[in-house]
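# no sequence for this one, just the structure:
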Ligand SMILES: NC(=O)C1=CN([C@@H]2O[C@H](COP(=O)(O)OP(=O)(O)OC[C@H]3O[C@@H](n4cnc5c(N)ncnc54)[C@H](OP(=O)(O)O)[C@@H]3O)[C@@H](O)[C@H]2O)C=CC1
Ligand SMILES: CC(=O)[C@@H](O)[C@H](O)COP(=O)(O)O
Ligand SMILES: [Mn+2]
């Protein structure tokens, strides 16, 4: 029985993970559920999944959960960041699903990596921020990091076994690989009139054509910042250079990414757009388990199409590709700025098109110091957030 900690249990990835666990109750146990402050959702999950630990990062939320849990349930309720780092490192924990949204996920994800756990990585922002330090920590502890993000999971599945084992330090040319083809749907605004983008509402931006996801990543998909973050994520996970990484717009999200080999072969991983597939893959790797996902029906799919990304429509994608080339200081600033600008857009404070403006402003105005420790990264993250907040206030 694999004991799992689910960081971000109340979110969209958390729900998909718990659904895969329900499909395989003899093999997996939701040992600890972790969230920020959604008490109602956490209470429902506790009653349904009976974890040993329920952790709310917010202390008031934890106290309320404790009050509302049925007294007969033997669930230890805790709160706080340090306590969370201790939970993921408990010796009985086999596997950690890292699915907190945003930079807030970095400390616990890194704690799981440092504790040498099997880490199922959905929280792309933590890798975008910490890059080299994350990979070094992984190599230092022998943690097994498996990519949950559907594209990176697809790429991983298309790699030869030695490259899979060398995640973080793959020798792509040595494996005969010429390119990684990172696919992206283009989101809900792929074909919208360019002049209409500034008027798009948060609900329109969150209406992804293929995937059902949390609101932050949904907005990132609409701006293609998600693809930019994924480009940086792929750079680190697969040790890929600029020349080896290409973005391909594929509106149907049936191919989840591809690997191109020097002999002309292209391997693609396909499936219905349902996160339970990559989650189940990571949970069971190198075995396979049921995920409860409908088999792909090619006759229903009909046509697959491919386009070049349009940087005029999607300036955030270009910002991210350039930041990746500039280095980790730039990607940390961009990630922080984007979290602030997306939050401001979702709160109705700025327009959709202002997201790219705020992000660009921070990249060109925040002083980028060298990053040798996690504390350095968190300090730069704070600086970029302050700059982004000031910019938002002026818009
Ligand atoms: N959804 C998807 O299909 C995919 C998601 N991802 C990545 O996975 C991550 C999660 O995405 P998604 O599930 O959609 O997001 P959701 O918004 O649905 O869920 C976010 C989760 O993070 C928790 N959380 C938020 N802030 C904190 C905090 N400060 N400390 C601890 N927990 C916190 C939330 O808890 P609470 O409810 O209490 O606020 C919630 O459980 C993101 O990094 C995203 O990029 C990657 C690929 C696909
Ligand atoms: C499901 C998943 O992995 C998301 O990151 C997805 O890729 C978002 O879709 P886009 O391709 O539109 O960004
Ligand atoms: Mn993805």
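In hand now; what should we look at? Note that the structure is predicted; figures quoted are calculated from it, not measured. Ligands and ions are numbered 1, 2, ... in the order given.
# Surely residue 288 touches residue 281?
Yes - Residue 288 lies in contact with residue 281 (Cβ atoms under 8 Å); the separation is 7.4 Å. Using the backbone N, CA and C atoms, a C-beta is placed for each residue, glycine as well.
# Of the two, which one has the most company?
residue 281 (26 against 9; other Cβ atoms under 10 Å).
# where does that one fall, helix, sheet strand or coil?
helix (DSSP: H, G, I helix; E, B strand; the rest coil).
# Residue 83 now?
With three-state DSSP as the criterion, residue 83 reads helix.
# any idea how far ligand 2 is from it?
30 Å (Cβ to the nearest ligand atom, to the nearest Å).
# Can you report how many residues lie near that residue?
Neighbours of residue 83 (other Cβ under 10 Å): 14.
# check contacts around the closest residue to it other than its chain neighbours.
Excluding its sequence neighbours, the residue lying closest to residue 83 (Cβ to Cβ, 6 or more residues apart in numbering) is residue 55, at 6.9 Å. Applying Cβ atoms under 8 Å, 6 or more residues apart in numbering, we find residue 55 in contact with 32, 33, 34, 35, 62, 77, 78, 79, 83, 84, 87.
# Emit the PyMOL select command for whichever of these are buried.
A single PyMOL command selects the buried members of the contacts of residue 55 (16 or more other Cβ atoms under 10 Å):
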select buried, resi 32+33+34+35+62+77+78+79+84+87
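# Filter the contacts of residue 55 down to just the ones in strands.
32, 33, 34, 35, 77, 78, 79 (DSSP state E).
# which one of these sits closest to residue 22?
For the ones in strands among the contacts of residue 55, the residue nearest residue 22 by Cβ to Cβ is residue 33; the value is 13.7 Å.
# That closest one contacts residue 52, doesn't it?
No - counting by Cβ under 8 Å, residue 33 stays clear of residue 52, with 9.5 Å between them.
# Residue 268 belongs to a strand, doesn't it?
Yes - judged by three-state DSSP, residue 268 forms part of a strand.
# Name whatever forms a beta bridge with it.
Counting by DSSP bridges, residue 268 is bridged to residue 258.
# Based on its surroundings, how many neighbours for it?
The burial count for residue 268: 18, using other Cβ under 10 Å.
# can you check residue 192 too?
Residue 192 has 15 nearby residues by other Cβ under 10 Å.
# so it is in which element?
In the assignment (DSSP states H and E), residue 192 maps to no helix and no strand.
# From ligand 2, how far off is it?
Computed as Cβ to the nearest ligand atom, the residue 192 to ligand 2 distance reads 14 Å.
# cool, residue 330 as well?
21 Å.
# Apart from its neighbours in sequence, what residue is nearest that residue?
residue 323 is the one closest to residue 330 (Cβ to Cβ, 6+ apart), at 3.8 Å.
# Tell me the spacing between that neighbour and residue 97.
27 Å (Cβ to Cβ, to the nearest Å).
# When those two are compared, which one has more neighbours?
Between residue 323 and residue 97, counting by other Cβ under 10 Å, residue 97 is the more crowded of the two (32 against 24).
# Contacts only, for that one.
4, 5, 6, 7, 8, 13, 14, 17, 120, 122, 148, 279.
# so is the residue nearest to residue 330 in a helix, a strand, or just coil?
Following three-state DSSP, residue 323 is assigned to helix.
# again with residue 380
From three-state DSSP, the assignment for residue 380 is helix.
# so what's it up against?
Applying Cβ under 8 Å, 6+ apart, we find residue 380 in contact with 329, 332, 333, 336, 366, 368, 369, 371.
# phi, psi of the residue of the stretch 151-300 of the chain found nearest ligand 1?
In the stretch 151-300 of the chain, the residue that lies nearest ligand 1 is residue 214 (2.5 Å; Cβ to the nearest ligand atom). The phi and psi values for residue 214, taken as degrees, to the nearest 10, are phi -60, psi 160.
# For it, which residues are in contact?
Residue 214 touches 11, 12, 13, 101, counting by Cβ under 8 Å, 6+ apart.
# from what I can see the second one touches residue 215, true?
No - contact between residue 12 and residue 215 fails when scored by Cβ under 8 Å: they sit 9.4 Å apart.
# Tell me how this structure divides into domains.
Structural domains annotated on the chain: 2-147, 161-301, 327-394, as defined by automatic domain parsing.
# Would you convert those domains into JSON lines that also reports mean pLDDT and distance to residue 316?
Shown next, in JSON lines, are the domains of the chain (pLDDT from 0 to 100; distance: least, Cβ to Cβ, whole Å):
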{"stretch": "domain 2-147", "mean pLDDT": "97", "distance to residue 316": "13"}
{"stretch": "domain 161-301", "mean pLDDT": "98", "distance to residue 316": "4"}
{"stretch": "domain 327-394", "mean pLDDT": "96", "distance to residue 316": "5"}
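# Make TSV out of the ones you listed and add distance to ligand 3.
Formatted as TSV, the domains of the chain follow (distance: least, Cβ to the ion, whole Å):
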stretch	distance to ligand 3
domain 2-147	7
domain 161-301	5
domain 327-394	15
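# any chance of those in JSON lines, with distance to residue 312 too?
Listed next are these as JSON lines, based on distance: least, Cβ to Cβ, whole Å:
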{"stretch": "domain 2-147", "distance to residue 312": "24"}
{"stretch": "domain 161-301", "distance to residue 312": "8"}
{"stretch": "domain 327-394", "distance to residue 312": "11"}
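# For the residue in the stretch 1-150 of the chain that ligand 2 sits nearest to, give me its contacts.
Taking Cβ to the nearest ligand atom, ligand 2 has its nearest neighbour within the stretch 1-150 of the chain at residue 150, 3.4 Å off. Residue 150 makes contact with 256, 257, 273, 275, 277, 278, according to Cβ under 8 Å, 6+ apart.
# which ones among the residues you listed are found in helices?
277, 278 (DSSP state H).
# Farthest pair within the contacts of residue 150?
257 and 275 (14.3 Å).
# What spatial separation is found between the residue in the stretch 1-150 of the chain that ligand 3 sits nearest to and residue 121?
Residue nearest to ligand 3 within the stretch 1-150 of the chain: residue 149 (4.3 Å; Cβ to the ion). Applying Cβ to Cβ, the value for residue 149 to residue 121 is 7 Å.
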